[in-house]
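**Q** sharing a model that was predicted from the sequence below.
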Amino acid sequence: MTDTSPTPGDGSEPVNGMEWAFRRGMGALAEKMGMEFLEFSLERCVATLPVEGNTQPVGLMHGGAYVVLGESLGSMAANLHAGPGRLAVGVDINATHTRSATSGVVTGVCTPVHLGRSLTVHEITVSDEQGRRLSTIRITNIIRDAPV
């Protein structure tokens, strides 16, 4: 996707969200779990996660896997919003699981609820391949100056 989003906070040139996300990386845990970014901008971030390899002993997708997907999307989105020289870190996350997946891939869609100077809130909905909602996650990140 070639969507560009403004670089928040500094009024500079627009940044391509997908390029920014790939440069930054999604982190070792997300990579081990098989997460893949599909879309990344200030308005909407989307990633998938395979069910296989991320299940409980009874074969259901682990609720913690939904939370890893949500936290990865929400934290990355908050850091894109924070802009250069700033760092967003999670201070609260909650999840409500409403359905289970047993195969295929799940998709997380992250949208902002609040984008402030020092705090962000994002909602992430996780759905299965039939579009059924599996989990709803909300993450709050605090934005600080990055350490020098």
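**A** All right, it came through fine.
**Q** and the top helix by length along the chain, what's buried?
**A** Ranked by residue count under DSSP state H, the longest helix found in the chain is helix 63-82. Using 16 or more other CB atoms under 10 Å as the burial criterion, the residues of helix 63-82 that qualify are 65-82. Quick note: C-beta positions are derived from backbone N, CA and C, even for glycine.
**Q** next one: stretch 134-148
**A** Across stretch 134-148, burial judged by 16+ other CB under 10 Å covers Leu134, Ser135, Thr136, Ile137, Arg138, Ile139, Thr140, Asn141, Ile142, Ile143.
**Q** in strands, which of the residues you listed fall?
**A** Mapping the buried residues of stretch 134-148 onto strands (DSSP state E) picks out Leu134, Ser135, Thr136, Ile137, Arg138, Ile139, Thr140, Asn141, Ile142, Ile143.
**Q** will you turn the residues you listed into a markdown table that also has distance to Pro57 and pLDDT?
**A** Output for those, formatted as a markdown table (distance: CB to CB, whole Å; pLDDT from 0 to 100):
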| residue | distance to Pro57 | pLDDT |
| --- | --- | --- |
| Leu134 | 19 | 98 |
| Ser135 | 19 | 98 |
| Thr136 | 25 | 98 |
| Ile137 | 23 | 98 |
| Arg138 | 28 | 98 |
| Ile139 | 27 | 98 |
| Thr140 | 32 | 98 |
| Asn141 | 32 | 98 |
| Ile142 | 36 | 98 |
| Ile143 | 39 | 98 |
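**Q** which parts of the chain are strands?
**A** 4-5, 15-16, 36-40, 45-50, 86-97, 105-115, 119-127, 133-145.
**Q** got JSON lines for the ones you listed, with distance to Ala28 too?
**A** Compiled in JSON lines, the strands of the chain are given as follows (distance: least, CB to CB, whole Å):
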{"stretch": "strand 4-5", "distance to Ala28": "26"}
{"stretch": "strand 15-16", "distance to Ala28": "24"}
{"stretch": "strand 36-40", "distance to Ala28": "15"}
{"stretch": "strand 45-50", "distance to Ala28": "15"}
{"stretch": "strand 86-97", "distance to Ala28": "17"}
{"stretch": "strand 105-115", "distance to Ala28": "18"}
{"stretch": "strand 119-127", "distance to Ala28": "20"}
{"stretch": "strand 133-145", "distance to Ala28": "19"}
